[in-house]
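1. Predicted coordinates and the sequence they were generated for:
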Amino acid sequence: MKIRNMLLVVCLLAASLVLMGAAPSIKVYNEKLNVIPNGSGKVTTQLEMTDILPGSVDIPLSTWNGIQDLRWEGGPAGLQIQPVLKGDNPYLKVVVPAGAPASFTLRLEFDVLAPKAAAVAKVSGNERAVSYRFLNTGQLPVAQYRLTTILPEGETVHSVQEALPKGKAGSGAQVKIINAESRQGFTLEAQNLKFGDASSISLKIVPEKKSPVMLVVGIFFAIAYLYAFRDIVRNSTDDNRPAAKKTVRQDLG
């Protein structure tokens, strides 16, 4: 009897969850930072919102230094967005109208100023320490967060000092070094960020060094080319020489 009652309770709970639907969340939070040489940059963000109910909801933004010229598109008709950019934890106050689709995509674009001195410190020589941080200050959990950063031309990642959150068996933050747009960069990925959870990365950036191997290979191929076509080069050189003057002797006898 007890087992039957327990099964009945479980079935009722499962049925109630189906009727209620999944909990509202930010299914995907993708950010791309394109850094320019002076340290400032342009950010494009794509948010995939799921099971959102009508009413007000806060969407957190990364702790960029000075968000400027914020633009957005997408979302249902009648959607209202109010940026709150002051303080260390900027966010968007979004008001979803009644009758709006429960799932929609929102795209953001904005410029950011160069990081503060506390975020970018010169370590030694041309080596710099850089950090980026996303803190979920909103009521919606972020199922998948991803930051893609493209460094200025001529810069490269020397080492990753720390990536948060930490976890076991791939459950923590994942970092990859990438090459995109003929420049180097990195990606930071984290999952299931609830209220108060943060994802961050600290790394060292250095000027990119040209590989001496490529220089040696280039010289080798140049020498090989000249050697293989030496006869053509020699004949071409001979053809370009001025013709020798011929002396005509005339008998005077």
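-> Thanks, I have it. No experiment lies behind these values; they were computed from the predicted model shown. Residues are numbered from 1 along each chain as shown.
2. and the helix or strand harbouring residue 42, what other elements does it pack with?
-> In this assignment (DSSP states H and E), residue 42 forms part of strand 41-50. For strand 41-50, the contact count by 3 or more C-beta pairs under 8 Å, 6 or more residues apart in numbering; DSSP states H and E identifies strand 25-35, strand 104-112 as packing neighbours. Every residue, glycine included, has its C-beta placed from N, CA and C.
3. elements contacting the next helix or strand after it?
-> Downstream of strand 41-50, the first helix or strand assigned by DSSP H and E is strand 55-60. Counting contacts by 3+ C-beta pairs under 8 Å, 6+ apart, strand 55-60 packs against strand 91-96.
4. which residues touch the strand it packs on?
-> The contact list for strand 91-96, computed with C-beta atoms under 8 Å, 6 or more residues apart in numbering, reads 52-61, 76, 79-84, 106, 108, 137-138.
5. Among those residues, the buried ones, what's the PyMOL command?
-> Selection command for PyMOL covering only the buried members of the contacts of strand 91-96, criterion 16 or more other C-beta atoms under 10 Å:
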select buried, resi 52+57+58+59+60+61+76+83+106+108+137+138
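6. list the contacts for residue 58?
-> Contacts of residue 58 (C-beta under 8 Å, 6+ apart): 91, 92, 93, 94, 137, 138, 139, 140.
7. Which stretches in the chain count as helices?
-> Ranges of helices in the chain, per DSSP state H, are 2-20, 212-228, 230-239.
8. Which pLDDT value goes with residue 64?
-> Note for residue 64: predicted pLDDT of 83.
9. Now that it has come up, it's in contact with residue 112, right?
-> Yes: using C-beta atoms under 8 Å, residue 64 makes contact with residue 112 at a distance of 4.2 Å.
10. Name the residues contacting each of the two.
-> Shared contacts of residue 64 and residue 112, counting by C-beta under 8 Å, 6+ apart, come down to residue 43.
11. quick one: which of these two has more around it?
-> Neighbour totals were compared for residue 64 and residue 112, and residue 64 leads with 23 against 19 (other C-beta atoms under 10 Å).
12. ok, that one to residue 31 distance?
-> Using C-beta to C-beta, to the nearest Å, we find residue 64 at a distance of 10 Å from residue 31.
13. Are there residues contacting both of those two? Which ones?
-> With C-beta under 8 Å, 6+ apart, residue 64 and residue 31 have common neighbours residue 43.
14. Show me which of the contacts of residue 58 are buried.
-> In the contacts of residue 58, burial by neighbour count holds for 91, 92, 94, 137, 138, 140, counting by 16+ other C-beta under 10 Å.
15. quick check, nearest of those to residue 160?
-> Comparing these against residue 160 with C-beta to C-beta places residue 137 closest, at 25.1 Å.
16. Might you report the residue contacts of that closest one?
-> Residue 137 neighbours (C-beta under 8 Å, 6+ apart): 58, 60, 89, 91, 195, 196.
17. Who is the fourth one paired with across the strands?
-> Same thing as residue 91. Applying DSSP bridges to residue 91 gives these bridge partners: residue 60, residue 84.
18. one step back: output the contacts of residue 137 as TSV; include the columns distance to residue 186.
-> Output for the contacts of residue 137, formatted as TSV (distance: C-beta to C-beta, whole Å):
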residue	distance to residue 186
58	28
60	21
89	24
91	25
195	26
196	25
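19. Just the closest of the residues you listed to residue 133, please.
-> Distance to residue 133 across the contacts of residue 137 (C-beta to C-beta) is lowest for residue 89, with 10.1 Å.
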